[in-house]
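Enquirer: What follows is a predicted structure for the sequence shown.
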Amino acid sequence: MILGLAGHFLDDRVSLGTMRTRTTELKFITNPRRVSAAGQRVTPFDGPVAVLTDGLSASASEVFAGGDVLYHAFGEFETTTGLRLEGRGVFPDRPVSVTREDLLTGRDAVLTAALDWIAAERGRIARSHSADDDREF
């Protein structure tokens, strides 16, 4: 399932890691989505994506954050960089603390932080593209 989901964000077939069990080694290769259910050509989303996790994240959500593939506890998943998630878990790039006040007022500090990060990334990408456009050839 995660391999197909990753296809919404990746246009090339790339390895996301390997799942090893006692008897099998499964290589997880993305499945780019190039056609919609209606048969129309689509291109992957190429903007920034924030994956939100917490202490209860597990299985596919944890692996998508750490290696972008489906993960089952019956095997050991290793990312393409050699990172093993079993027993370690995934640590956020930007931890966000949630306060009692946030919970009482209905403020979602994690979602707000993710949206702020996405906005900053979009700005960084736009500035980078603008600088490329300003170059003389």
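Expert: It's in.
Enquirer: Surely A131 is in a helix?
Expert: Yes: per DSSP: H, G, I helix; E, B strand; the rest coil, A131 lies within a helix segment.
Enquirer: how near is I118 to V42?
Expert: 21 Å (Cβ to Cβ, to the nearest Å). Quick note: C-beta positions are derived from backbone N, CA and C, even for glycine.
Enquirer: before we move on, what about T105?
Expert: T105 sits 39 Å away from V42, going by Cβ to Cβ.
Enquirer: Tell me if M19 really is in a strand.
Expert: Yes: under three-state DSSP, M19 falls within a strand.
Enquirer: Provide the partner residues of it in its beta bridges.
Expert: Beta bridges link M19 to L26, F77, judged by DSSP bridges.
Enquirer: Tell me, how many residues neighbour it?
Expert: 20 (other Cβ atoms under 10 Å).
Enquirer: ok, now L16?
Expert: 22.
Enquirer: what are the phi and psi values for it?
Expert: phi -100, psi -10 (degrees, to the nearest 10).
Enquirer: Do I have it right that it meets L5?
Expert: No: counting by Cβ atoms under 8 Å, L16 does not reach L5; the two are 10.9 Å apart.
Enquirer: how about the helices in this protein?
Expert: 2-6, 59-66, 100-105, 109-134 (DSSP state H).
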